[in-house]
Every structure is written in structure tokens, then in C-alpha cells.
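Colleague: here is a sequence together with a model predicted from it:
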Amino acid sequence: MCVTDAGGRTQTPISRSAYNLTMIIWPILFWICVVTLVYIYAGYPLIIYLVARLKKPVTVDPPAVWPPVTILIAAYNEETVIQAKLHNSLSLDYPREKLQVLVAADGSNDRTVELVQEYASRGVDLSYQPKREGKSMALNRAMDKVTGEIILFSDANNMFEPDVLKRLVPYFSRPDVGGVTGAKHVRAFDSALGHSEGLYWKYESFIKKQEARWHSCTAVTGEIFAVRSALYTPIPAKIINDDFYTMLSLLVRGYRVLYDDGAKSFEKVSQTAGGERERRARMTAGIYQVFPLVFSADVMKRPGLFWRIVSHKLSRPVIPFAMLGALLAGLLSVIFPAASTGNPVADFFRLAAPWGWIFLGLQALFYLMALIGSKTGKNSLIGRLLYVPAFLVSSNFALFMGFVRFSRRTQQASWNRVRRVD
């Protein structure tokens, strides 16, 4: 049996089936993917910004008496940076008698432990066992030595501005605040990777600032995350994203997690894009781990919180699949073109010619720019601009690899740190 399509062409049953798919499935798939990408990258930030305008920013005054604080530094084989980190921590503008610096160095087999012990006379404490069980377990063990009412979690390779504690600590004068995070800044902007990383963290900073103004952040920076020590919940051994787990444990108990963009942490960019992909793949595998926690009854009964977590964090791993779906749908809309209806609006949404070609061409141009950006010299303005799509493609490939690792259970909680530029 043969039929005639809208353009007057005779269709066999097989070609009619392909024609029907073109008319219905591929345009729907394409627009679902496009809307998903637009919502994740721009829609949610815009919505949260508009909602946050209805609330006043949280303001706090310095406490009459500064509470004792512990800076808890996770360090695994950090002999190249640990001395600079300890010097930075001891130099912060905070009453010295109220500040404890504690290093959790489990499993380190380089000179990290030896170097930390040299600072014992200056009040630096050490939590160490030769056996390596991962960062989460090292933090859990170190809690027995914590003396501060507030813990500032940090890494060994980031450095704080001198006023970081005096910016974070005042928020804890509010009884509803369980945690406060600060802003991550990436050094080495002379590289395109550093430039793109810097733009990404500015974008993240914007979202956190709006979320905190509304009520609470749904993401924190693990290298600058302050928590009430009394509220710390031991982290399960296999958890990769320890900071997200700690943050979520505060949110489900009704505490706020706030953000101060003036509390600054500085970190050097990864030496290579491959190193950055490795870091993001690991973190993505960690996001999949917390899906059961986010979909628990404690979170689901708070729809506003659930929506923000899904929109900000849990939606990110969807991006590579939406990109692939849009590319596939665009390609199929060209292979199986929909007949024009004569209505420009209808043809636009049906991906009828020339729209199918236009959207496929735009995607091809984006990926071509990413390819050129990954190969160019990168130090010029054009090179940096071209590297932005390369950074997005690389980052989302890492998200996909994180899904693969989670599915295969190949990502371990412990890992070897990514090397940073000198």
C-alpha cells in the first residue's frame, strides 16, 4: 500500500514510517533536549535570581567574642604544598588562641607527615594513620581531635585570603545556620583552561549567591566550607563527594547553608585539560551516589529544596545526554526531512527545511569551534574564546565518563590528586 505525503510524494510503508517519525519523534526529541539544556544553563539561574529578589540578603555583625575555630585540612601526599598551606592558615586574621589547625593525612607516604610535625610547636595538630581509607574516613577520624565550635574544611592546595574566617564565622551567630561556604577563585589566567575555569566558578558563584539569598545553597565548595562541629555527621566510607553529603545532612535537618562571595579561596588550575576531566568525572560519579539521599522522604517533603537540588546539581549529569540527543535529532531531521506546511512557525518547530539544516549546522559549528579551541595556541583573545566551547565539551565528556564509572562501579572513594600548575 502506498500513500502520498504533504509534498505530493509517494511513500512506501517503510518510508511512510520514517516520515511519521520525522513528523513526531525527532522534533520532539530535539526540542526536549534543547529546552533541557537552556533550563539547566540559563533557565534555573534566571528563575532563582528573580525569586531571590523577593528576599533581603542575610547580613550579620561580628560577634562580641570570637568562637574557637578548627581549620581541618585534608592532605594526601601534599609535600609540595603543605608548608605553604600551613603558613597561610596560621597567618589568617583571627585570634590565634581561638584557632586550631589540624591536618588529616591518612595514608600519606611522602614527606607530608614529617613536614606537618615540624609545625607542632606552632600549634598545628596531626591526625594520621599509615593505612589509606579515603578522604571521608580521614575526616571522620580527625573529628576526635577537633577543638573548635566551627570547622573550616579545606584542602592542602588552596590558599585563603587573610579575612576569610572573619567573613564566615559571623554567620554562625544565627541559630538557623549550619554551614557557610565561600568563593573559589582559579589562578593562572594566562592559560585558556584557567580562563574557562574562572568563568565557570564565577557562574557557580552567581547561582550560590541567589540560592543563599532565597534560603540555602544546594552546592558548596569543599575547600572553603565551614560547619558547626556539633552538627557534623560521619561520612560513609564510600562517599566520594564528602562536602555535598555534609551539606545535605544539614539541609535535611532544617539548617541553612549560606554563601559569602567575599570569603575567598584561591587554587591553581590543573596542569592539563585531561587532569580537569579526571577530577570532574570523579565528582560526577559522586553525584550519582547521592541520588537516593536526594530522593529520600526527608528531602521530598520539602519541594522547594528538592527542586533546587535537582536543578542545580542532579541535572548536570543529564547535559551530555541532552547534547547527544539534540545532535542525533538534528541529524535525523536532515536525513528524514519533514515536508513544509507553508506556516513558518510550524515549520520551525517541525524542523522542516531549512530549519533542520540550520540547527544541525549550528551544532556542527559549535563542535568545530571546540575542536579548534582544543588545538589552538590558547593565549590570544580568539584562542581563549574558542576554548570556551572546548571546555564545555570536555567538561560534559567528563560528566558522561562519571556516569560510566558509576554504572560500572569503577570509581573509588580514594584517588590520586590532579597536578596543578606551578
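Modeller: Noted; the coordinates are in hand. Keep in mind the model is a prediction, meaning the values are calculated, not measured.

Colleague: pull out the buried positions in stretch 358-377.
Modeller: Residues of stretch 358-377 classed as buried: F359, L360, Q363, M369, A370, G373, S374, T376 (neighbour count, 16 or more other Cβ atoms under 10 Å). (Each C-beta comes from the backbone N, C-alpha and C, glycine too.)

Colleague: run a quick neighbour tally on S89.
Modeller: Counted with other Cβ atoms under 10 Å, the neighbours of S89 add up to 24.

Colleague: likewise for P63?
Modeller: Residues lying near P63 (other Cβ under 10 Å) number 12.

Colleague: K166 too?
Modeller: Applying other Cβ under 10 Å, we find 16 residues neighbouring K166.

Colleague: that one touches Y94, doesn't it?
Modeller: Yes - the pair K166 and Y94 qualifies as a contact (Cβ atoms under 8 Å) at a distance of 6.4 Å.

Colleague: can you give me the helices in the stretch 301-422 of the chain?
Modeller: Taking DSSP state H, counting those that start in this stretch, the helices of the stretch 301-422 of the chain run over residues 303-309, 319-335, 344-350, 355-375, 381-408.

Colleague: any chance of a markdown table for these, columns mean pLDDT?
Modeller: Output for the helices of the stretch 301-422 of the chain, formatted as a markdown table (pLDDT from 0 to 100):
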| stretch | mean pLDDT |
| --- | --- |
| helix 303-309 | 93 |
| helix 319-335 | 93 |
| helix 344-350 | 91 |
| helix 355-375 | 92 |
| helix 381-408 | 81 |
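
Colleague: dump the ones you listed to CSV, plus distance to V103.
Modeller: Shown next, in CSV, are the helices of the stretch 301-422 of the chain (distance: least, Cβ to Cβ, whole Å):
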stretch, distance to V103
helix 303-309, 31
helix 319-335, 36
helix 344-350, 58
helix 355-375, 37
helix 381-408, 29
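
Colleague: V113: which of these is closest?
Modeller: Evaluated over these, closeness to V113 peaks at helix 381-408, with 30.2 Å, by Cβ to Cβ.

Colleague: that closest one packs against which elements?
Modeller: Counting by 3 or more Cβ pairs under 8 Å, 6 or more residues apart in numbering; DSSP states H and E, the packing neighbours recorded for helix 381-408 are helix 192-214, helix 273-289, helix 319-335, helix 355-375.

Colleague: now, which of the buried residues of stretch 358-377 sits nearest N140?
Modeller: N140 has its nearest neighbour among the buried residues of stretch 358-377 in S374, at 40.0 Å by Cβ to Cβ.

Colleague: for L386, see how far away that closest one is.
Modeller: Note on S374: its distance to L386, by Cβ to Cβ, to the nearest Å, is 9 Å.

Colleague: below-threshold pLDDT in this protein: ranges please.
Modeller: 1-23, 188-194, 269-277, 279-280, 282, 377-381, 409-422 (pLDDT under 70).

Colleague: domains in it, as residue ranges please.
Modeller: Using automatic domain parsing, the domain ranges for the chain come out as 1-54+309-422, 69-269.

Colleague: buried set for stretch 296-314?
Modeller: Quick answer for stretch 296-314 (16+ other Cβ under 10 Å): V299, L305, F306, R308, I309, V310, S311, H312, K313, L314.

Colleague: distance to A74 for those - can I get that in a markdown table?
Modeller: Formatted as a markdown table, the buried residues of stretch 296-314 follow (distance: Cβ to Cβ, whole Å):
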| residue | distance to A74 |
| --- | --- |
| V299 | 26 |
| L305 | 27 |
| F306 | 29 |
| R308 | 27 |
| I309 | 24 |
| V310 | 28 |
| S311 | 29 |
| H312 | 24 |
| K313 | 21 |
| L314 | 25 |
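
Colleague: D243: neighbouring residues, count only.
Modeller: D243 has 24 neighbours, counted by other Cβ under 10 Å.

Colleague: list the contacts for it?
Modeller: The contact partners of D243, taken as Cβ atoms under 8 Å, 6 or more residues apart in numbering, are F153, V220, T221, G222, F225.

Colleague: among these, which lie within strands?
Modeller: Residues of the contacts of D243 located in strands (DSSP state E): F153, F225.

Colleague: now, which of the contacts of D243 sits nearest I47?
Modeller: I47 lies nearest to V220 out of these, by Cβ to Cβ, at 20.7 Å.

Colleague: so that closest one is in contact with G178, correct?
Modeller: No - using Cβ under 8 Å, V220 is not in contact with G178, being 11.2 Å away.

Colleague: which neighbours do the two share?
Modeller: Joint contacts of V220 and G178 (Cβ under 8 Å, 6+ apart) are V257.

Colleague: out of the helices of the stretch 301-422 of the chain, which gets nearest to S205?
Modeller: Nearest of those to S205, taken as Cβ to Cβ: helix 303-309 at 16.0 Å.

Colleague: can you work out which other helices and strands pack against that closest one?
Modeller: Contact analysis of helix 303-309 by 3+ Cβ pairs under 8 Å, 6+ apart lists helix 297-300 as its packing neighbours.

Colleague: how far off centre is the helix it packs on?
Modeller: Distance of helix 297-300 from the chain centroid (Cα atoms, centre = their mean, to the nearest Å) equals 22 Å.

Colleague: what does stretch 27-44 give?
Modeller: Distance, centroid of stretch 27-44 to centroid of chain: 19 Å (Cα atoms, centre = their mean).

Colleague: what are the contacting residues of it?
Modeller: Identification of contacts with stretch 27-44 by Cβ under 8 Å, 6+ apart yields 207, 311-312, 315-316, 318-319, 322-323, 325-326, 328-330, 333, 338, 349-351, 359.

Colleague: count of neighbours near the residue nearest to S311 when sequence neighbours are not counted?
Modeller: Nearest in space to S311, with sequence neighbours left out and distances taken as Cβ to Cβ, 6 or more residues apart in numbering, is Y44 at 4.2 Å. If you count neighbours by other Cβ under 10 Å, Y44 ends up with 20.

Colleague: what is the burial count for the nearest residue to L139 once chain neighbours are set aside?
Modeller: Nearest residue to L139 in three dimensions, chain neighbours excluded: A104, at 5.8 Å (Cβ to Cβ, 6+ apart). A104 has 26 neighbours, counted by other Cβ under 10 Å.
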